[in-house]
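*Asks:* Predicted model and sequence below, questions to follow.
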Amino acid sequence: MNAADIRQTWDRDGFISPLRVLSPESAQHHRNVMEATEAQHGKLHYKFKMHSVLKSPWEIATNETLLDAVEAILGPNILIYNVCYIVKEAGATTYISWHQDLTYWGLSNDHQVSAWVALSPATAESGCMRMVPGSHKHGRVEHLETEDQNNALALGQTVQGVDEAASILTPLQPGEASLHHGWTLHASMPNVSDDRRIGVNIQYLSTDCRQTMHDQDSAILVRGVDQYQHFKVDVPALRDMHPVDLARRDALDAKINAVYQSLSSPRPS
């Protein structure tokens, strides 16, 4: 897709899928790195700011094809806000309820793109994402926080009454990506396949976006110029899983989680 097609599809549907950004061989290499790192350091699922401690996710997040697509949406000045692995284990009963990404982030605007790069097949069987085309046009909708141990969302946040018949599956092969708007309704089902569903989730922001909850949030400029400088500057990984870098990442992770908690309402009893 060229830049004009990406922008037109984004404005209409609120997502782009699929977009080839890595070869299958490169995707397998990045999967190998991730799983070798897990073998030494434990599971990496939903660990924030992984691009600051491991070179592989930084390389994926700064992929030129991916950045070109993000630039077609956000314009030339782009920050990376967060990179994390999202893993759904083979046979896992966990699912993701219908939600919007921006609900608990505390950001000043929706000049944001969520990218999901597949490192293993994301199929209907493995629990690929479902999107509701055009749902981003309605802005933020009400989320109910629920108690369900199988819901992988931290607060169990769920949008009720979604017309699931209007949703479409967005399967990805290794090395393919999807991009979606922060207000696009999306969800995923359990993984009933015999392989892990592994993806790298990247959050890109326009430089005019800022954190409204505190002044300690961080990001890193990857294209253009940052005339606003709303964020403290992250350091990209130049080495893998060094203790000093891990300590810094843990502190950043805590700040992000604190924002989620502060913006949540009391759970129903």
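*Replies:* Alright, I've got the coordinates. Residues are numbered from 1 along each chain as shown.
*Asks:* those helices in the chain, which residues are they?
*Replies:* Residue ranges of the helices in the chain, as given by DSSP state H, are 3-13, 24-41, 55-61, 64-74, 243-263.
*Asks:* Need those in TSV (columns: distance to residue 135).
*Replies:* Using the backbone N, CA and C atoms, a C-beta is placed for each residue, glycine as well. What follows is those, written out as TSV (distance: least, C-beta to C-beta, whole Å):
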stretch	distance to residue 135
helix 3-13	9
helix 24-41	29
helix 55-61	26
helix 64-74	17
helix 243-263	21
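*Asks:* looking at those helices, which is closest to residue 47?
*Replies:* Checking the helices of the chain against residue 47 by C-beta to C-beta gives helix 243-263 as the closest, at 6.9 Å.
*Asks:* And the contacts of that closest one?
*Replies:* 47-50, 52-53, 82, 103-106, 154-155, 211, 213-214, 216-218, 234-235, 237, 239 (C-beta atoms under 8 Å, 6 or more residues apart in numbering).
*Asks:* between it and helix 24-41, how big is the angle?
*Replies:* 90 degrees (axes from the mean of the first three to the mean of the last three C-alpha atoms, to 10 degrees).
*Asks:* Looking at helix 243-263 now, give me its mean pLDDT.
*Replies:* Averaged over helix 243-263, pLDDT sits at 82.
*Asks:* How far off centre is it?
*Replies:* Mean-position distance between helix 243-263 and its chain equals 16 Å (C-alpha atoms, centre = their mean, to the nearest Å).
*Asks:* ditto for stretch 234-246
*Replies:* Per C-alpha atoms, centre = their mean, the displacement of stretch 234-246 from the mean C-alpha position of its chain is 20 Å.
*Asks:* Give me the buried positions along that stretch.
*Replies:* Of all the residues in stretch 234-246, those buried under the rule 16 or more other C-beta atoms under 10 Å are 234, 236, 237, 245.
*Asks:* Let's have these in JSON lines, adding distance to residue 161.
*Replies:* Shown next, in JSON lines, are the buried residues of stretch 234-246 (distance: C-beta to C-beta, whole Å):
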{"residue": "234", "distance to residue 161": "38"}
{"residue": "236", "distance to residue 161": "42"}
{"residue": "237", "distance to residue 161": "42"}
{"residue": "245", "distance to residue 161": "44"}
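*Asks:* Surely residue 92 and residue 191 touch.
*Replies:* Yes - with contact defined as C-beta atoms under 8 Å, residue 92 and residue 191 form a contacting pair (4.8 Å).
*Asks:* joint contacts of these two?
*Replies:* Common neighbours of residue 92 and residue 191 (C-beta under 8 Å, 6+ apart) are residue 127.
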